[in-house]
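Peer 1: Quick one, fold the following:
(chains A and B)
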Amino acid sequence: MRALAANIEEVFREAAARWTLLAYFALSSLFILLFAVAVNLDVVNGALAGAKIFGANVQMGRQSVDLDKLVLGFESGFAGFLYVVGTFLAIFATAHLVPRLQEKGTIDLYLSRPVGRVPLLLSRYLGGLLLSASNVVYLLGAMWLLVIWKTHLVHPRFFFAAGIILFGIAALMAFAFLVGTLTSSTAVSIMATFALFFVSAILSNHDRIAAAVSTEWAAQLVHGLYWVFPKTAQLGGAVVALVMGDEGPRRMRDALTLQPFLTTGLFGAVCLTLACLRFRRKDF
Amino acid sequence: MTAAIEVRGLQKTYREGLGGREVRALAGIDFAVQPGELFGLLGPNGAGKTTTVKILLGLTHATSGEASLLGLPASDPESRRRVGYLPEGHRFPGYLTARQTLSVFGRMSGIDHATLKARIPGLLERVQLADWIDVKVKKFSKGMTQRLGLASALVHDPEVLLLDEPTDGVDPVGRREIRDLLRAEAAKGRAVLLNSHLLSEIELTCDRVAVLRKGQMAAMGTVEELTKREEKKDSLNVYKLVASGIDDAVLAAFREAGAGAERVNGHFRVAARDPRHLNVLIDVARQRGALLTELTPEKSTLEDVFVDLVRAGDSADAAPSSPSRKSESAL
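Peer 2: Just a heads-up that it's a prediction; the model follows:
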């Protein structure tokens, strides 16, 4: 346990020393700052002042919109945006964890200690996940507090969306770890994971794509890949649906099912298992 | 008594890529290192030294055979709890200070914070890095990094030390300090396996030496045994004789008495069967007016032995049908 704690601590120390942590939080802070500036624009201040005087509605053109709904709509859109940004930042910040560990002259130092290979790899994974979690919580937490400060409206679901974002990150990070153990390359790990993110998102339209391809086997392949790959687009949709809650359109609420979570979780678990198996058998 | 390090019939075959050709790194080697022993592992590049150490540490998996540390199989991570390792070309994270480095790797060996806090300053003092305790490793010279590596190998007070080129990049004074430190560790009962290209280091440090060649054990024994020089044909012991008044007539008399004798760079090489024979030769020389000032058994250096073994292996490879390979290997 002591060894694993030391290894997790090492992930954070390495991130801090290599400027990854700083860059990670600096970028997040930039988003927060932009958001803070946006909510302080005159037009927003004016609308909110009007809502305070004339009730809970905001006048938008000829329409009168409920302030609560307006803020929810804004939060859900932003949560969806943060899902993409948070995932990308997390992969950038953690894709090096396995390739650097496997470098000659470094791996010897770790494996010569009384720590099994699988616990060693899993502690790096856990360290990476905690690093990502701290940033996602910082990002969403800061935005959430800004909204509360500005509107006095508290929507905890916006903050809880961090859970879904982290779930997606966990699955993609497992894939990045698998690529890392196989190739020992940070660049390949990042590229492959981003490619997976986009391809998976495209495959959310697998029915339409399969209908458009000319051969049966290609259609089956598209369907197969859809089921195997993580459901990045559906998870993004789930983030938005969670924040919107009952206020969201019915179509969106219906899309919030267990299927994308189960298949994405399975994908991550399989990737992590394969990474552990490969790391365990590897000769250094 | 359980051997600290034991290797039996150890074989390792690497495969180059998927379905590629096989490369045999180890072809079944055996050796054991006892507690308190300083054991040197020698061999040319590709002989299998590093592979042996890596198998012992679980970094590489053996194809067959057994490797154990303190009675536990090398594949068991627990076997490394009481083992300190200094890898060749190690790369400590440059952002850590010497203190942090020892703390991280000490904790990875299961040592608690309080013990490490008390132990680290003394350990850095031992390897002459006390003044650098809070300096980042990236500022260290190669020799200093090597000393830190040694401290890291010792931080959990191990019973076995596996050291790969421990004096690499260290100045002569530092090398002597490291030699003294290793001897002190061995005197405490630690088993030390030293893997080095510096034959003089091994010769000066180790109690026993094994020479690997192409994955096989070419020779093993004490430094004394390996470097004892014999005239191969007649099993004569060779001595260096420094004396005045020895001329060709004296040398001829030596030969008549059944000894070998030759003049070499201002001294003489005399080959005698045994001490009694040697004394007869001395009497002959003194009767003829020679004045002896030095008489010492002539030894090969470990380097001579090493080069002979490697060349013997090369010539055996050049003539595969030669039956002499095995006998040449056994010094």
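Peer 1: For the rest of this, base every contact and every neighbour count on C-alpha atoms.
Peer 2: Fine.
Peer 1: can you list the residues of the stretch 51-200 of chain A near chain B?
Peer 2: Proximity of the stretch 51-200 of chain A to chain B, by Cα under 8 Å from any Cα of the partner chain, involves residues A:104-106, A:108-116.
Peer 1: mind running it again at 6 Å?
Peer 2: Within reach of chain B by Cα under 6 Å from any Cα of the partner chain, the stretch 51-200 of chain A has these residues: A:105-106, A:112-116.
Peer 1: any chance of the residues you listed in CSV, with neighbour count, secondary structure and pLDDT too?
Peer 2: Shown next, in CSV, are those (neighbours: other Cα atoms under 10 Å in any protein chain shown; DSSP: H, G, I helix; E, B strand; the rest coil; pLDDT from 0 to 100):
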residue, neighbour count, secondary structure, pLDDT
A:Gly105, 17, coil, 87
A:Thr106, 17, coil, 90
A:Ser112, 27, coil, 89
A:Arg113, 27, coil, 89
A:Pro114, 20, coil, 89
A:Val115, 21, coil, 87
A:Gly116, 17, coil, 89
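Peer 1: List the contacts of B:Ala272.
Peer 2: Shown in contact with B:Ala272 (Cα atoms under 6 Å, 6 or more residues apart in numbering or on different chains): B:236-237, B:259, B:278.
Peer 1: Contact residues of the stretch 101-250 of chain B facing chain A?
Peer 2: So far as Cα under 6 Å from any Cα goes, the stretch 101-250 of chain B lies against chain A at B:104, B:107-109.
Peer 1: residues near residue 194, how many?
Peer 2: Picked chain A for this. Other residues within reach of A:Phe194, judged by other Cα atoms under 10 Å in any protein chain shown, total 18.
Peer 1: Please refer instead to chain B.
Peer 2: 25.
Peer 1: How much space separates it from chain A?
Peer 2: Look at B:Leu194 and chain A: by Cα to the nearest Cα, to the nearest Å, they are 16 Å apart.
Peer 1: Might you report the residue contacts of that residue?
Peer 2: Counting by Cα under 6 Å, 6+ apart, B:Leu194 touches B:40, B:163.
Peer 1: Quickly list what it is bridged to.
Peer 2: B:Gly40, B:Leu163 (DSSP bridges).
Peer 1: For chain A, which segments count as strands?
Peer 2: Applying DSSP state E to chain A gives strands spanning A:57-60, A:63-66.
Peer 1: Can you tell me which of these has the worst average pLDDT?
Peer 2: Ranked by mean pLDDT, the strands of chain A end with strand A:57-60 in last place, scoring a mean of 61.
Peer 1: Relative to chain B, which residue of the stretch 151-284 of chain A is the closest?
Peer 2: Relative to chain B, the nearest point of the stretch 151-284 of chain A is A:Asp283 (4.4 Å; Cα to the nearest Cα).
Peer 1: typo on my end, it should be the stretch 101-250 of chain A
Peer 2: Using Cα to the nearest Cα, A:Gly105 is the residue of the stretch 101-250 of chain A that sits closest to chain B, at 4.0 Å.
Peer 1: so what's the closest residue to chain A within the stretch 201-331 of chain B closest to, chain neighbours aside?
Peer 2: Using Cα to the nearest Cα, the point where the stretch 201-331 of chain B gets nearest to chain A is B:Gly215, with a distance of 17.3 Å. Spatial nearest neighbour of B:Gly215, chain neighbours left out: B:Leu26 (3.9 Å); criterion: Cα to Cα, 6 or more residues apart in numbering or on different chains.
Peer 1: Surely B:Ala27 is in a strand?
Peer 2: Yes. B:Ala27: assigned to a strand according to DSSP: H, G, I helix; E, B strand; the rest coil.
Peer 1: What residues does it make contact with?
Peer 2: B:Ala27 makes contact with B:11, B:215-216 under the criterion Cα under 6 Å, 6+ apart.
Peer 1: With pLDDT added, can I get those in a markdown table?
Peer 2: Output for those, formatted as a markdown table (pLDDT from 0 to 100):
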| residue | pLDDT |
| --- | --- |
| B:Gln11 | 93 |
| B:Gly215 | 90 |
| B:Gln216 | 90 |
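Peer 1: And the one residue in the stretch 101-250 of chain B that gets nearest to chain A, its phi and psi?
Peer 2: Residue of the stretch 101-250 of chain B nearest chain A, by Cα to the nearest Cα: B:Met108 (3.9 Å). Here is the backbone geometry of B:Met108 (degrees, to the nearest 10): phi -70, psi -20.
Peer 1: OK, contacts around the residue of the stretch 201-331 of chain B closest to chain A?
Peer 2: B:25-27, B:47-48.
Peer 1: Looking at these, which is nearest chain A?
Peer 2: Nearest to chain A among the contacts of B:Gly215, counting by Cα to the nearest Cα, is B:Ala25 at 12.9 Å.
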